[in-house]
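Student: I would like the atomic coordinates for the input below:
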Amino acid sequence: MSAAAHDVCLTTGRIQVVFEEELFRLGALIHDRFDDGERLFLRAVLPAEEEVQPRDAVKAGVALRFDQGRIAIHPYLLRQVCTNGAVRAHAVQTRRIVLSEQATEEQAEEELRAALRDCAAPEAFREGVDEMRSAVDSEADTLLNILPLVRRLAALQGMDSGAVAAILGDFLGGDDPSLFALANAITAAARETTDPDLRWRLEEMGGGVPVGADPDPEGRPVSAARAFPESEWADSAERQPPSLLVPA
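Tutor: Next up, the predicted model:
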């Protein structure tokens, strides 16, 4: 895709190059890649690995999504026993960048590289492992966890009633009532889907289950002007931080 296609300063190809340059120097491997010239989904896995329960390890990683001039970068976890992936969109290291034609490629790349390093930081992985370990010991509640989950799943574009029922059947038919098992029922469905957008949304949802995070199925509205933390996203419309990438 040319930079002019959506009036942005980085193409999908250039974003991939920056992603690989930053993460390869940390020892990462590309786990998944989708690029149709308009949208880009990337997941990389880092060397760090920890068990969340005996003989059940997860690896650290970083996930990136680009669509319509917006880049989202999140810490990522990959479960080794089944290769289920979880996008931790709620993590404090999460960064979202809005590109525009006014920004230079150098400015945009600087923001992107900093965001990738934040999401690959050891503390991001430690926080994710702690969340998963806590989920192993926490039982899913029908009213607090399962029913809201059904509504969110049904709202996802591309999800039909049969797919929702399959996820619930996978969880309820098992012998593990934990939040960890509920999260893995969702991420297992993500692993099997061929729709890159739906896979991302399911991995976001599964990644949020251990902490009760509620990702918006349609994605958050973009009013931000630059890359900034998830903790600052909610009130960005009022504060409008200064920007290198989108003019004030």
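Student: may I have the phi/psi pair for residue 197?
Tutor: Per-residue torsions, residue 197: phi -70, psi -40 (degrees, to the nearest 10).
Student: what's the neighbour count on it?
Tutor: Neighbour count for residue 197, taken as other Cβ atoms under 10 Å: 17. Using the backbone N, CA and C atoms, a C-beta is placed for each residue, glycine as well.
Student: in contact with it: list those residues for me.
Tutor: 39, 157, 158 (Cβ atoms under 8 Å, 6 or more residues apart in numbering).
Student: which SS state does the closest residue to the last one other than its chain neighbours fall under?
Tutor: Pointing back at residue 158 there. In space, residue 158 comes closest to residue 198 once its chain neighbours are excluded; the distance is 4.2 Å by Cβ to Cβ, 6 or more residues apart in numbering. Here residue 198 takes the helix state, with states given by DSSP: H, G, I helix; E, B strand; the rest coil.
Student: I'd say residue 42 and residue 17 touch.
Tutor: No - counting by Cβ atoms under 8 Å, residue 42 stays clear of residue 17, with 11.1 Å between them.
Student: which secondary element of this protein has the worst mean pLDDT?
Tutor: Sorting the helices and strands of the chain by mean pLDDT, DSSP states H and E puts helix 236-239 at the bottom, at a mean of 34.
Student: now for the longest strand along the chain, which elements pack on it?
Tutor: Looking across the chain with DSSP state E, the single longest strand is strand 39-53. When contacts are defined as 3 or more Cβ pairs under 8 Å, 6 or more residues apart in numbering; DSSP states H and E, strand 39-53 packs onto helix 12-24, strand 29-35, strand 56-67, strand 70-79, helix 122-136, helix 196-208.
Student: relative to helix 122-136, how tilted is it?
Tutor: Here strand 39-53 runs at an angle of 60 degrees relative to helix 122-136 (axes from the mean of the first three to the mean of the last three Cα atoms, to 10 degrees).
Student: and strand 39-53, which strands flank it?
Tutor: Counting by DSSP bridges, the strands paired with strand 39-53 are strand 29-35 (antiparallel), strand 56-67 (antiparallel).
Student: now do stretch 20-37, average pLDDT.
Tutor: Stretch 20-37 carries an average pLDDT of 97.
Student: can you give the contact residues for it?
Tutor: 1, 12-13, 16, 40-47, 61-62, 78, 85, 113, 116-117, 120, 196.
Student: can you flag the buried ones in those residues?
Tutor: 1, 12, 16, 40-46, 61-62, 78, 85, 116-117, 120, 196 (16 or more other Cβ atoms under 10 Å).
Student: separation between the residue positioned nearest the centre of the chain and residue 109?
Tutor: Centroid check for the chain by Cα atoms, centre = their mean gives residue 87 as the closest residue, at 3.3 Å. Computed as Cβ to Cβ, to the nearest Å, the residue 87 to residue 109 distance reads 23 Å.
Student: again, but for residue 41
Tutor: In this view, residue 41 and residue 109 are 19 Å apart by Cβ to Cβ.
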